[in-house]
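[1] Sequence first, predicted coordinates after that:
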Amino acid sequence: MTARSRYRIFLLLLLLGPLRVSAQTVDISIGGSSNVDFTFNTIQKLTTGIVIPNAFTVNVEAIGTNWDLYMGAVTAVAGTWDNAQYYATSGNGAPPVGLLQARVHNLSGTPQISGYVPLQDIAVSTLDIIGNHLSAPDPSVNCGDASPIGTNTPGSYLTDPQCYQFRVDLKVVPGMNYRPGLYTMQIEFIIAPDL
């Protein structure tokens, strides 16, 4: 190899050196049971409802990118719970998905929703927990900001659980109007890069 050839190789490597590849990934994991059961076997439970605190935990890991987190129900008929079995013929049909309410919270108070909020069917709309996936990109919000609501900057539940780990409480108050039966619903949490 001549001196001139070595120079060309060195120059090529020098020019490519400053180019850095930065990975952008978002990941979500759900902790807790994959099934949550509400059993309404008394009049009191039907009228006052059932609350399941910490039904599950949502863990977020975002590397190199801002992110959005939202949730919603998935059912066969948008807007109503899926019926697995009817127990009687009386009642006003299947309950709406909005009977299930979710409260999403963490130690830093970063979720954009507060208190119990009725679930929505993903086919119709979603419940934005962090960011607004329909109007990306959102302004960057850091967990250390004076108002950390909507924290969407890169981070991990492994190193910063107070900001990137969410507890989900569930509540249902069905009342006595709906047809008795066994109903199901799938809840989906979706995380996406905020691009």
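    Structure received. Numbering: from 1, shown residues only.
[2] going forward, measure contacts and count neighbours with C-alpha atoms only.
    Will do.
[3] Tell me where the chain has helices.
    Assigned by DSSP state H, the helices in the chain fall at 3-16, 43-48, 161-164.
[4] where among those helices is the average confidence lowest?
    Of all the helices of the chain, helix 3-16 carries the lowest average pLDDT, namely a mean of 41.
[5] show me what contacts the residue nearest to P180 when sequence neighbours are not counted?
    Excluding its sequence neighbours, the residue lying closest to P180 (C-alpha to C-alpha, 6 or more residues apart in numbering) is Y87, at 5.3 Å. Remark: with contacts taken as C-alpha atoms under 8 Å, 6 or more residues apart in numbering, Y87 is in contact with R179, P180, G181, L182.
[6] ok, so what distance separates the nearest residue to the first one once chain neighbours are set aside from Y164?
    Distances taken as C-alpha to C-alpha, 6+ apart place G91 nearest to R179, at 3.8 Å, with adjacent residues excluded. As judged by C-alpha to C-alpha, to the nearest Å, G91 and Y164 stand 42 Å apart.
[7] out of these two, which sits in the busier spot?
    Between G91 and Y164, Y164 has the larger neighbour count (other C-alpha atoms under 10 Å), namely 27 against 11.
[8] which residues of the protein fall in strands?
    Secondary structure of the chain (DSSP state E): strands at 25-31, 50-63, 67-74, 82-86, 100-105, 117-118, 127-130, 155-156, 165-172, 181-184, 186-193.
[9] Would you mind giving the ones you listed as TSV with mean neighbour count added?
    As requested, the strands of the chain are exported to TSV (neighbours: other C-alpha atoms under 10 Å):
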stretch	mean neighbour count
strand 25-31	16
strand 50-63	18
strand 67-74	24
strand 82-86	14
strand 100-105	22
strand 117-118	17
strand 127-130	22
strand 155-156	22
strand 165-172	21
strand 181-184	16
strand 186-193	17
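[10] before we move on, back to that, between the contacts of Y87, which is closest to Y157?
    The closest of those to Y157 turns out to be L182 (C-alpha to C-alpha; 35.4 Å).
[11] where does that closest one land on pLDDT?
    Looking at L182, the pLDDT reads 94.
[12] who does it bridge with?
    Counting by DSSP bridges, L182 is bridged to Q85.
[13] where's it relative to A78, distance?
    Distance of L182 to A78, computed by C-alpha to C-alpha: 18 Å.
[14] same question, V97
    Taking C-alpha to C-alpha, one finds V97 at 8 Å from A78.
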